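[1] 3D model of this:
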Amino acid sequence: MKILILRLSSLGDIVLTQPIAAFLRARFPDAQIDYVVKAQYAPLVSLMACELRAIPYSKSRCFHHQIHKERYDLVIDLHGKLSSFLIRLFAAGKRSAVYQKKRSIRKKIIKGNPDLAISSTLDLYNSALQKLGFSARLEAPRLFPTGSSPIPKSSAKRIVIFPGATYYTKRYPLSYYKELIEISPPDWEYIILGSAQEHEMGETLASDSRVINLCGQLSFDEILALLNTADWVISSDSGPMHLAAALERPQIAIFGSTHPRLGFAPQNPNAKIIAQDLPCQPCSLHGFESCPLGHFDCMMSIAPQTILAMLMSS
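    Numbering: from 1, shown residues only. Below you'll find the model as predicted:
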């Protein structure tokens, strides 16, 4: 049995496919299971603990012909775009399925229908298995770091912050994060994580001596190992939110222009979700570079004191 899973990006979406891979590994313990993903996310696949072979995606003809040569029995497309359609076409699997995105429901939610909700993106991914005739009760996504934390845990309360997100309207204001740090107990420790592009954000917060900026400096394995030492993880609706959830860390997930009703809530019993449920929220599936209405109340109305009270709760 040869199985091909397709999910090229992004970080959070890839994390959410782990239960699919885990189901397939349990159902076909001796199968070759390949996972096509963009090269920067390939190390993440090895942390799913499902004995997967990560294949870095390429637009080249050579890549697609190599996929064709594999002669897959099952092809499961969890990406659902033109790029994955072409891979699926070349793979010519004996059986294949694409997950149901429920675009129409998401559009209605964004247009203001308060009665609609998608339980989880994970349930949407499960639709691909159902199309293939599998009845799967999927567990929440889990990741398994193999190394140790680059910064050993001290007695101080450790808060990890991911300040970034692809779009501005998904980011909690940096000035609010700065205020949160300033008003928190003096013996707390803060670590800022994110991509190299978010290093400047980290430097802004690192003006406080209790803050360590590691944006762009750690591998996925190191990030996960460090998260395992955190007392709390704070992020917006972003890929790192799902990293923390996959470790079941206590976390605060802050939603701005998006909303949990779109299916993006962290699958974590230890998560606290902040969403203001404004009439204009959600206004987008992925976020904007600025608030369409000019006020950005979905984030600006969340006071740092609100987050501090959550952090103080345990």
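
[2] Please state the offset of stretch 166-173 from the chain centre?
    15 Å (Cα atoms, centre = their mean, to the nearest Å).

[3] Between the two ends of that stretch, how far is it?
    End-to-end distance for stretch 166-173, by Cα to Cα, to the nearest Å: 14 Å.

[4] Provide a list of residues in contact with residue 167.
    Shown in contact with residue 167 (Cβ atoms under 8 Å, 6 or more residues apart in numbering): 257, 284, 286, 287, 288, 289. For glycine as for every other residue, the C-beta is placed from the backbone atoms N, C-alpha and C.

[5] So what's the residue count around residue 290?
    Per other Cβ atoms under 10 Å, the neighbour tally for residue 290 reads 11.

[6] Tell me if I'm right that it and residue 168 touch.
    Yes: using Cβ atoms under 8 Å, residue 290 is in contact with residue 168, at 6.2 Å.

[7] Could you pull up phi and psi at residue 261?
    Main-chain torsions, residue 261, degrees, to the nearest 10: phi -60, psi -10.

[8] let me fix that: residue 75
    Dihedral angles (degrees, to the nearest 10) for residue 75: phi -130, psi 120.

[9] so what are the domain limits for this protein?
    The record's domain split for the chain, according to automatic domain parsing, is 2-131, 158-312.

[10] Kindly reformat those domains as JSON lines containing mean pLDDT and distance to residue 151.
    Listed next are these as JSON lines, based on pLDDT from 0 to 100; distance: least, Cβ to Cβ, whole Å:
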{"stretch": "domain 2-131", "mean pLDDT": "97", "distance to residue 151": "19"}
{"stretch": "domain 158-312", "mean pLDDT": "97", "distance to residue 151": "6"}
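
[11] Pipe those into CSV and attach distance to residue 146 per row.
    Shown next, in CSV, are the domains of the chain (distance: least, Cβ to Cβ, whole Å):
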stretch, distance to residue 146
domain 2-131, 7
domain 158-312, 6
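
[12] And these: which comes nearest residue 149?
    Closest of these to residue 149 is domain 158-312, at 4.6 Å (criterion: Cβ to Cβ).

[13] so how far is the closest one from its chain's centroid?
    12 Å.

[14] picking that back up, which one of the domains of the chain lies closest to residue 150?
    domain 158-312 (5.2 Å).

[15] Do me a favour and get the end-to-end distance for that closest one?
    End-to-end for domain 158-312, by Cα to Cα: 12 Å.

[16] Do a quick rundown of the strands in the stretch 201-314 of the chain.
    Assigned by DSSP state E, counting those that start in this stretch, the strands in the stretch 201-314 of the chain fall at 211-213, 232-236, 251-254, 271-274.

[17] Counting by contacts, list what the longest one packs against.
    Using 3 or more Cβ pairs under 8 Å, 6 or more residues apart in numbering; DSSP states H and E as the contact criterion, the secondary-structure elements in contact with strand 232-236 are strand 158-162, helix 239-246, strand 251-254, helix 304-312.

[18] export the strands of the stretch 201-314 of the chain to a markdown table and tack on mean neighbour count and distance to residue 175?
    Output for the strands of the stretch 201-314 of the chain, formatted as a markdown table (neighbours: other Cβ atoms under 10 Å; distance: least, Cβ to Cβ, whole Å):
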| stretch | mean neighbour count | distance to residue 175 |
| --- | --- | --- |
| strand 211-213 | 19 | 15 |
| strand 232-236 | 26 | 15 |
| strand 251-254 | 25 | 14 |
| strand 271-274 | 18 | 17 |
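
[19] Arrange these in JSON lines, one row each, with distance to residue 159 as further columns.
    JSON lines is the format used below for the strands of the stretch 201-314 of the chain (distance: least, Cβ to Cβ, whole Å):
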{"stretch": "strand 211-213", "distance to residue 159": "10"}
{"stretch": "strand 232-236", "distance to residue 159": "5"}
{"stretch": "strand 251-254", "distance to residue 159": "9"}
{"stretch": "strand 271-274", "distance to residue 159": "13"}
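
[20] highest average neighbour count across the helices and strands packed on strand 232-236?
    helix 239-246 (a mean of 27; mean count of other Cβ atoms under 10 Å).

[21] So for stretch 133-153, what gets flagged as buried?
    134, 136, 138, 140, 141, 142, 143, 145, 149, 150, 151 (16 or more other Cβ atoms under 10 Å).
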